[in-house]
Structures are given as C-alpha cells and as structure tokens.
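**Q** let's see this in three dimensions:
(2 chains)
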Amino acid sequence: MINKKIGIIDYGASNIFNLVNAFEYLNVNVKVIDEPHDMSEITHLVLPGVGAFENGMNSLKNKNLTDLILGHVEKELPFLGICLGMQMMLSESYEFGSHSGLNIINGKIKKIPNINNDGARHKIPHIGWNAINISSNNFLKKSIVNDAVDNQAMYFVHSYMAHTDEKNILATCNYNNIIIPSIISSNNIFGCQFHPEKSGEKGLSILMNFINL
Amino acid sequence: MSLYKRIIPCLDVANGRVVKGTKFINIVDAGDPVEVAKRYDQEGADEIAFLDITATHEARKTIIETVEKVACEVFIPLTVGGGVSNYSDVLNLLSAGADKVAINSAAVANPNLINQVTDKIGRQCIVAAIDVKQNKNNSNWTVYTHGGRNSTEIDAFQWAKELCDRGAGEILLTSMDRDGTKKGFDLDLLNLISSAVSIPVIASGGAGTLEHLRDAVVVGKADAVLAASIFHYSIYSIQEAKEYMRKHGVLVRI
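**A** This next block holds a predicted model:
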C-alpha cells in the first residue's frame, strides 16, 4: 500500500463506486467522506460528481461538506475535481439559471455551443473519447499530466464547459473546433472534465500521477 | 477533430453466463462475464455493454452482483441493461458500478420513465435501446419489446425521435433481422435513425467482418458499433478491428 490517504467526497449526487475501485486498484487507501470529518489523515481529496450543478452544490451545502473542501484547498494539499466536481470548483455556473460554485478557481460554466465554429450543428452531450492536448508544457513542477498522456484519448460525458483564464488551463480537447478546457489547475489543485477512472490505462496513469503529488 | 468512433463488445448475459444466439434464439455459452469483460478492457475496447437478455421476460432483475464484479475489472465505461423497469432499478445499477443504464421495454410501456430518470440524474446515464424488425409490406421498421418477443405498433423512426426528445443520452439500435447473422449492419436503418436524432447512435446486430464495422460508421453514420460474436469467439480482436478502421480513415482510439 502507498502511504497516502485519498478522501473521496460522497454527497449523494454521484456514483463513487468506480472511483473508489480505481484508487484501490492503484493500491492506495481510500476514505469515503459523506459528512464533516477529521481531515488530519487525508493527504489527497477528490470531488467527483455527475448531474446538475445546482443539485451538486446544494447537496454539498446540505451535508456541510464545503468547509472541509475549502479547508483542504487552503492547506495547499492535492485536490482533484472530476466532471461536475471540476465544474463546481469554479466561481459560477449558468446551468439552469445562475449558481455560485466553490470559487476555488476563478471561472464560469456555460453550455457547450450546439453549433460549432463552422456553423454546423453537432451532438450535445459531448459523449465519448476525445484526445487531450496539454496546453501548458510546464512539466518541471509536479503535475497530474506528463508526456505519456499528451494527445491521448479520455472519456468525456458533459453538456457544459468551463470558461477560465488561459493560465488555469492545463489541457484542452477539440470538439468539432470548439476548444473545451479538459484539465484546469492552480498549484496543487486540479480539475478534469473527463473521467480518468473510466479512461483506461492512460486515465489511471493520471490518477497515479495525482497520488504521487 | 471530432470524437473517436467507439467499438463496444457486448456481453449478452443469461443466468450469469455470457451467451450468444442467432436472431435472439438458439442460445449458446460464450464464457464468464467477468473474464470476458476483463479481456476486452485489456484489448482496448472503448466501452462494454452488459445486457441481461433473459431478464425482462422472466421478470428477473439483472444480477447486481455480476455487474459489481464486472465493474471492478474494467476501467472504461460500462453500460448495463436488461429488466430495467423503473427509477430504482436504474439507481441500483449505477450504484453497482454501471456508468449508463439501457432501458428498452419499460420505455415502451411507460415513455415518461425516460423523462423521470433523466430529469433526476442527467441524460448521459440513459441509453435508450430499440429492437426493430423491418416490415414486409413497406420499408419501415417496427419496434419490438421483451427481448424481441413482442411486437408493437410503434414506428422506429418516430420512436427514436421521441426518446431523444424525452432526454435519452444515446440510442442503442438493434436490427433483429441482422442480429447474429454476421451479414452486416442494416445500413439503411442506421442512416434513417442517425438522421432522426441529435444524440449518438450505437449500431447493433449483424457484425460479421471488419468491413461491416467500418460501413456502420462511414455509410450508416453510427457513432459507435456494438458486436458480440466476432469478438467472443476471437474471430477478430478489438485491436484488429481498430487497426482496420484506422487504415480505412475512421478515427479510433488505439
């Protein structure tokens, strides 16, 4: 066993079975956190999620889990948001109205345009495998990406996308010429729009890189 | 760049074993679902479909335990169907590790089920499965339910549109005329349904050669191809299928 402990936030709005399974497969201890909890043993925190933004934020608040997340981030410990979890890291979402996020990284969530830059209609949700391109090549610092995952396909399932400052975007993917931020980051904080736990070997290597932070 | 076209091996499961039949009958054994799924994941499948084909007509629920065991072995998306009749069935499968749940007969019996489920958990979790047969008197296709045992009055084109409007995330389209025949996908049917909906269409029924897989995507405009026999009996590996498709200009994940 690797001498780290991964906390996975379970706020009822996501299916954590596969995420727990993936980390256990990578031989690391996992603690599922579904209520305020002593965080002293948690070295890495993961915020997963599927579904609607507002429901996700309300569930986090109702279960009193936001302080624990923000406390972990304040200590500059490794943090990973996945899919809706990534979206909730930003300041605000325009999914069915306007809703405040955790504001860990400054940015907004908006619908993926259903007409691409060439004026053609395309399918929404963006469901399936798409290659990520690492846009910031600062590999000197520790990161969840490395050369081995550049241009590799990851599994995406979403209808909304992040809009944030260029400096926060670590990787993007190209969906019919719409550039979708795929990994956002700030220091030890990362967010993946895709599902690394469902992206085969390359996805698992991203989780392994996260564990090694 | 658009999305990679997906190759989805399908595990038809009956009584905890992978089976394969022809035109939904003459069922023969094709292995242990956990072992088969694991092999496909390692071979580079893009997704795995797990369908409990006897579930609906025997009113049995998909064996949650088998789904859990399969989910523990695969790190790619897992779609599970068979006997899904209500919202709690969907939740049980998602909690057991399914990423998406396929709904077929239950949507015909109660179309609102699709709205109800997708309103709560999002359209990405729901694959609407449609089994169809071509009419003898005209060139349209009619929807069948209960593993192909019961015919309906429903037209496949209209039904696909309705399922999309009600919130389904993808359409899994099976041609019963071609299922297990290895004569190739029904490309006219695929074209028709792909043009009807704004969500991904998964082609199913009839894969016999690698050319068939390519045709489903290139000619039939499918977003993904599902196949069982050609992979179960190792006639082709997933890798061979992908290399063939790439060689013929299809964007695949290798």
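**Q** please count neighbours and contacts with C-alpha atoms only from this point.
**A** OK.
**Q** and chain A, which residues reach chain B?
**A** A:15-18, A:21-22, A:50-52, A:122-125, A:127-130, A:153, A:155, A:157-158, A:174-177, A:197-201, A:204 (C-alpha under 8 Å from any C-alpha of the partner chain).
**Q** look up the closest residue to the closest residue to chain A within chain B, ignoring the ones flanking it.
**A** Among the residues of chain B, B:Ile76 lies closest to chain A, at 4.2 Å counting by C-alpha to the nearest C-alpha. Nearest non-adjacent residue to B:Ile76, counting by C-alpha to C-alpha, 6 or more residues apart in numbering or on different chains: A:Lys198, 4.2 Å away.
**Q** who are the neighbours in contact with the most centrally placed residue in chain B?
**A** Nearest to the mean C-alpha position of chain B, by C-alpha atoms, centre = their mean, lies B:Leu172 at 4.5 Å. By C-alpha atoms under 8 Å, 6 or more residues apart in numbering or on different chains, B:Leu172 lies in contact with B:Val127, B:Ala128, B:Ala129, B:Ile130, B:Val201, B:Ile202, B:Ala203, B:Ser204.
**Q** recalculate using a threshold of 6 Å.
**A** Taking C-alpha atoms under 6 Å, 6 or more residues apart in numbering or on different chains, we find B:Leu172 in contact with B:Ala129, B:Ile202.
**Q** same question for A:Phe194.
**A** Counting by C-alpha under 6 Å, 6+ apart, A:Phe194 makes contact with A:Cys83, A:Tyr155, A:Phe156.
**Q** my read: the last one touches A:Asn130, true?
**A** In this case it means A:Phe156. No. Here A:Phe156 lies out of contact with A:Asn130, judged by C-alpha atoms under 6 Å, at a distance of 7.1 Å.
**Q** can you give me the strands for chain A?
**A** A:2-9, A:28-33, A:44-47, A:79-82, A:92-93, A:99-100, A:107-111, A:126-131, A:133-134, A:153-158, A:160-164, A:169-175, A:178-186, A:189-192 (DSSP state E).
**Q** okay, these in JSON lines with mean pLDDT and mean neighbour count next?
**A** Putting those into JSON lines (pLDDT from 0 to 100; neighbours: other C-alpha atoms under 10 Å in any protein chain shown) gives the following:
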{"stretch": "strand A:2-9", "mean pLDDT": "93", "mean neighbour count": "18"}
{"stretch": "strand A:28-33", "mean pLDDT": "96", "mean neighbour count": "17"}
{"stretch": "strand A:44-47", "mean pLDDT": "98", "mean neighbour count": "24"}
{"stretch": "strand A:79-82", "mean pLDDT": "98", "mean neighbour count": "25"}
{"stretch": "strand A:92-93", "mean pLDDT": "94", "mean neighbour count": "23"}
{"stretch": "strand A:99-100", "mean pLDDT": "95", "mean neighbour count": "16"}
{"stretch": "strand A:107-111", "mean pLDDT": "96", "mean neighbour count": "19"}
{"stretch": "strand A:126-131", "mean pLDDT": "94", "mean neighbour count": "24"}
{"stretch": "strand A:133-134", "mean pLDDT": "94", "mean neighbour count": "20"}
{"stretch": "strand A:153-158", "mean pLDDT": "94", "mean neighbour count": "24"}
{"stretch": "strand A:160-164", "mean pLDDT": "96", "mean neighbour count": "22"}
{"stretch": "strand A:169-175", "mean pLDDT": "95", "mean neighbour count": "22"}
{"stretch": "strand A:178-186", "mean pLDDT": "95", "mean neighbour count": "22"}
{"stretch": "strand A:189-192", "mean pLDDT": "97", "mean neighbour count": "25"}
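**Q** so which of these is nearest B:Asn86?
**A** Ranking the strands of chain A by their distance to B:Asn86 (criterion: C-alpha to C-alpha) puts strand A:153-158 first, at 23.0 Å.
**Q** please name every helix or strand in contact with that closest one.
**A** strand A:126-131 (3 or more C-alpha pairs under 6 Å, 6 or more residues apart in numbering or on different chains; DSSP states H and E).
**Q** who's in contact with B:Ala106?
**A** Counted by C-alpha under 6 Å, 6+ apart, B:Ala106 has contacts B:Ser85.
**Q** how does it look with 7 Å?
**A** Listed by C-alpha atoms under 7 Å, 6 or more residues apart in numbering or on different chains, the contact partners of B:Ala106 are B:Val84, B:Ser85.
**Q** and for B:Asp223?
**A** Residues near B:Asp223 by C-alpha under 7 Å, 6+ apart: B:Lys5, B:Arg6, B:Pro200, B:Val201, B:Ile202, B:Val217.
**Q** host element of the last one?
**A** Same thing as B:Val217. Counting by DSSP states H and E, the element that carries B:Val217 is helix B:210-218.
**Q** other residues contacting that helix?
**A** Under the contact criterion C-alpha under 7 Å, 6+ apart, helix B:210-218 has outside partners B:Gly184, B:Phe185, B:Leu187, B:Ala203, B:Ala207, B:Ala222, B:Asp223, B:Val225, B:Ala241, B:Tyr244, B:Met245.
**Q** if you look at those, which of them are in helices?
**A** Of the positions in these, B:Leu187, B:Ala241, B:Tyr244, B:Met245 sit in helices, assigned by DSSP state H.
**Q** contacting chain A as well, which ones from the residues you listed?
**A** Applying C-alpha under 7 Å from any C-alpha of the partner chain, the subset of the ones in helices among the contacts of helix B:210-218 adjacent to chain A is empty.
**Q** make JSON lines out of the residues you listed and add pLDDT and neighbour count.
**A** Below are these laid out as JSON lines (pLDDT from 0 to 100; neighbours: other C-alpha under 10 Å):
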{"residue": "B:Leu187", "pLDDT": "97", "neighbour count": "20"}
{"residue": "B:Ala241", "pLDDT": "96", "neighbour count": "21"}
{"residue": "B:Tyr244", "pLDDT": "97", "neighbour count": "17"}
{"residue": "B:Met245", "pLDDT": "97", "neighbour count": "21"}
